[in-house]
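K.L.:
Provide a 3D model corresponding to the input given below.
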Amino acid sequence: MDPEDYSDHNFKACGGWGTLVNPTGLALCPKTGRVVVVHDGKRRVKIFDSGGGGAHQFGEKGDAAHDVKYPLDVAVTNDCHVVVTDAGDRSLKVFDFFGQIKLVVGKQFSLPWGVEITPQNLALVTDAEAGTLHLLEVDFPEGVLRRIERLQAQLCNPRGVAVSWLTGAIAILEHPWPLGTAGDNTRVKVFNSTMQLIGQVDSFGLNLLFPSKITISAVAFDHQGNVIVADTSGPAIICLGKPEEFPALKPMVTHGLSRPVALVFTKENSLLVLDTASHTIKIFKVMEGNGG
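P.N.:
Numbers count the residues shown, from 1 in each chain. Predicted coordinates for the structure are as follows:
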C-alpha cells in the first residue's frame, strides 16, 4: 500500500481493548498474534489474545531483581520471549511467555527506554540518558547474554525505536530537548541496515508543512517500509513515507484518539494503537476497496 492510500476515511475503528492503567508500551507476538502491553497495574505485563480477551498477566511490582518496577517499553522475540525496559532499576528484563524470568541485564544502561526485535531475533535498545542505541544478542531460551554492541552514539534523548522487516532500516525517535521545553520538539532519524543515516525529520520541519503542531510520541514501519508516527498534539497517526522521500506527509487516522503512545501493525495489516489517555488499545483496519 502506498502512502497516498492512507487517509482517515480509509480506516475504521474496530473498538478497543482494556482495562489498562497508564500504559506505555505495546508489542505483538509474531508467532501467536497475541498482544503484549506494559502498564502501571499491580502486574506490569498484560497479554491479550488475538481477539482482545485478556489471556494472562505477570511482572509483579516490587523490589526483587526480577520484579518490574517502572516499565517503559516492551518487545516480543521470534521465539515468544517478552523483553521489557525497566526505568525503575535501569535494566532490561526477559521473561518467557508465561512470565518466568529468564534474564536481567543491568549495569549496562543509564536509562533503557525503547526496545525492538530484529528479524534476526536480536534486541535493539535505546538509552535515553546515554544517548545510545545498543544491539543485544541473547540466547533467550537459556537466558544468556551473548553479546552487546553499541550501534550508535551521540543521539539526543532517544526513546522509541522501530525496525523495518522489509528493508532492515532502523528508526529512532529523539527528544532533542527535555519534554516541556522548546515546544516539545521531537525528531525521527532513520538509518539503513549498516547504520548510515538515510532520512531525518523533526517537529519544526513538519510544522512548516502541516497546518497544526506535531509532537511525535511513537514510531513504526508499515509492511511497505513507510515510516508511521503517532502525534499527541493532533492527536493523529501520520505516514511520513519512505525515509528517502522524507517527509511525504499523509494523515492516516485523525479521529478517535486521545493520546497515542505506541503503534504496531499486525500481519493482517490492522493497525493497533496504544492510547494512554483512554487506557486502551484501539484497532484500525484498512477498509476494503480503499487501497487495502
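
K.L.:
any stretches of this protein with poor pLDDT?
P.N.:
Scanning the chain for pLDDT under 70 picks out 1-18, 55, 178-184, 210-211, 286-292.

K.L.:
just the helices in it please.
P.N.:
203-209 (DSSP state H).

K.L.:
domain map for it?
P.N.:
1-15+157-292, 23-155 (automatic domain parsing).

K.L.:
is it possible to export those to a markdown table including mean neighbour count?
P.N.:
Heads up, the C-betas are built off the backbone N, CA and C, glycines and all. Converted to a markdown table, the domains of the chain look like this (neighbours: other Cβ atoms under 10 Å):
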| stretch | mean neighbour count |
| --- | --- |
| domain 1-15+157-292 | 18 |
| domain 23-155 | 18 |
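
K.L.:
any chance you could map the strands in the stretch 101-250 of the chain?
P.N.:
Here the stretch 101-250 of the chain has its strands, by DSSP state E, counting those that start in this stretch, at 101-105, 112-117, 123-127, 132-139, 144-152, 158-163, 170-174, 187-191, 197-202, 216-221, 227-231, 236-241, 250-253.

K.L.:
now those strands in a markdown table, with distance to residue 42?
P.N.:
Shown next, in a markdown table, are the strands of the stretch 101-250 of the chain (distance: least, Cβ to Cβ, whole Å):
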| stretch | distance to residue 42 |
| --- | --- |
| strand 101-105 | 17 |
| strand 112-117 | 22 |
| strand 123-127 | 26 |
| strand 132-139 | 27 |
| strand 144-152 | 29 |
| strand 158-163 | 25 |
| strand 170-174 | 29 |
| strand 187-191 | 34 |
| strand 197-202 | 38 |
| strand 216-221 | 25 |
| strand 227-231 | 27 |
| strand 236-241 | 30 |
| strand 250-253 | 31 |
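
K.L.:
to residue 209, which of the ones you listed lies closest?
P.N.:
strand 197-202 (9.4 Å; Cβ to Cβ).

K.L.:
in its sheet, what does that closest one sit against?
P.N.:
The pairing partners recorded for strand 197-202 under DSSP bridges are strand 187-191 (antiparallel).

K.L.:
chain center to the strand it pairs with, what's the gap?
P.N.:
How far strand 187-191 lies from its chain's middle: 14 Å, per Cα atoms, centre = their mean, to the nearest Å.

K.L.:
go on, stretch 147-161?
P.N.:
On Cα atoms, centre = their mean, the centre of stretch 147-161 falls 15 Å from that of its chain.

K.L.:
got the contact list for it?
P.N.:
For stretch 147-161, the external contacting residues (Cβ atoms under 8 Å, 6 or more residues apart in numbering) are 73, 105, 108, 113-116, 124-128, 131-137, 170-178, 187, 189, 191, 195, 217-219, 262.

K.L.:
quick one: closest of the strands of the stretch 101-250 of the chain to residue 49.
P.N.:
That would be, of the strands of the stretch 101-250 of the chain and by Cβ to Cβ, strand 112-117, which comes in at 20.2 Å.

K.L.:
please save the CA atoms from that closest one in PDB.
P.N.:
In PDB, the C-alpha atoms belonging to strand 112-117 read as follows (Å, rounded to 0.1, in the frame of the first residue of the first chain):
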ATOM      1  CA  PRO A 112      17.000   2.000  28.800                       C
ATOM      2  CA  TRP A 113      13.800   3.200  27.100                       C
ATOM      3  CA  GLY A 114      12.800   1.800  23.700                       C
ATOM      4  CA  VAL A 115      13.200  -1.900  22.700                       C
ATOM      5  CA  GLU A 116      12.600  -3.700  19.400                       C
ATOM      6  CA  ILE A 117      13.400  -7.100  18.000                       C
END
